[in-house]
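Student: fold the following, please.
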Amino acid sequence: MTMREDRTKPVSVRDIAERTGLPQPYLEQILLALKGAGIVRSKRGVGGGYMLNREPEDLPLSDIVSAVDGPITAGDFGEPHTGGACDHEGQCVLLAVWGHVGAQMRDLLGSFSLADIAAMTAGSRPWPDAQN
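Tutor: Alright, predicted model coming up:
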């Protein structure tokens, strides 16, 4: 099945569970979150299932991760004080560093589309270099 067929033809939860190895109840929770975010839509009845709501090329991985896991952050540390106003030595600087790391994670995940991930899975595009 090509990506185009997957986008226009509903795929059942059972079929997705078999392909991914995810338990069906867990997968249903993920699909509901993706549906709530407008990433997928569903069709009921015979031949029903889930379909992408956008082209895979226009669907950044960051949108998928945010829909399922919530905001992409590197910890839940709150906002740092800035400009030397912090009275807890070094803590606010570390908060700012973690905020920067979270922004980098969002940018990096946003640089990959669902189409990119599918191409890597199919072997037609190299995987990201873990060293860079």
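Student: after the longest helix along the chain, heading C-terminal, what element do we hit next?
Tutor: Assignment by DSSP state H gives helix 91-110 as the longest helix of the chain. Under the assignment DSSP states H and E, the closest C-terminal helix or strand after helix 91-110 is helix 114-122.
Student: where do the strands of the protein begin and end?
Tutor: 40-43, 49-52 (DSSP state E).
Student: what packs against the first one?
Tutor: What it means is strand 40-43. helix 24-36, strand 49-52 (3 or more CB pairs under 8 Å, 6 or more residues apart in numbering; DSSP states H and E). (Each C-beta comes from the backbone N, C-alpha and C, glycine too.)
Student: pLDDT weak spots in this protein?
Tutor: Residue ranges of the chain with pLDDT under 70: 1-7, 76-90, 130-132.
Student: domains for it, by residue range?
Tutor: Listed domain ranges for the chain are 1-59+114-132, 60-112 (source: automatic domain parsing).
Student: and the last one, how far out from the chain middle?
Tutor: Relative to the mean C-alpha coordinate of its chain, domain 60-112 is positioned 16 Å out (CA atoms, centre = their mean, to the nearest Å).
Student: same thing with the longest one?
Tutor: Offset of domain 1-59+114-132 from its chain centre (CA atoms, centre = their mean): 11 Å.
Student: what does stretch 108-126 give?
Tutor: The answer for stretch 108-126 is 12 Å, by CA atoms, centre = their mean.
Student: quick one: end-to-end distance for that stretch.
Tutor: Separation of the first and last residues of stretch 108-126 by CA to CA, to the nearest Å is 16 Å.
Student: about what we covered before: switch the domains of the chain over to TSV; also include mean neighbour count.
Tutor: Listed next are these as TSV, based on neighbours: other CB atoms under 10 Å:
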stretch	mean neighbour count
domain 1-59+114-132	13
domain 60-112	14
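Student: for Leu32, see how far away Ser62 is.
Tutor: Distance, Ser62 to Leu32, using CB to CB, to the nearest Å: 19 Å.
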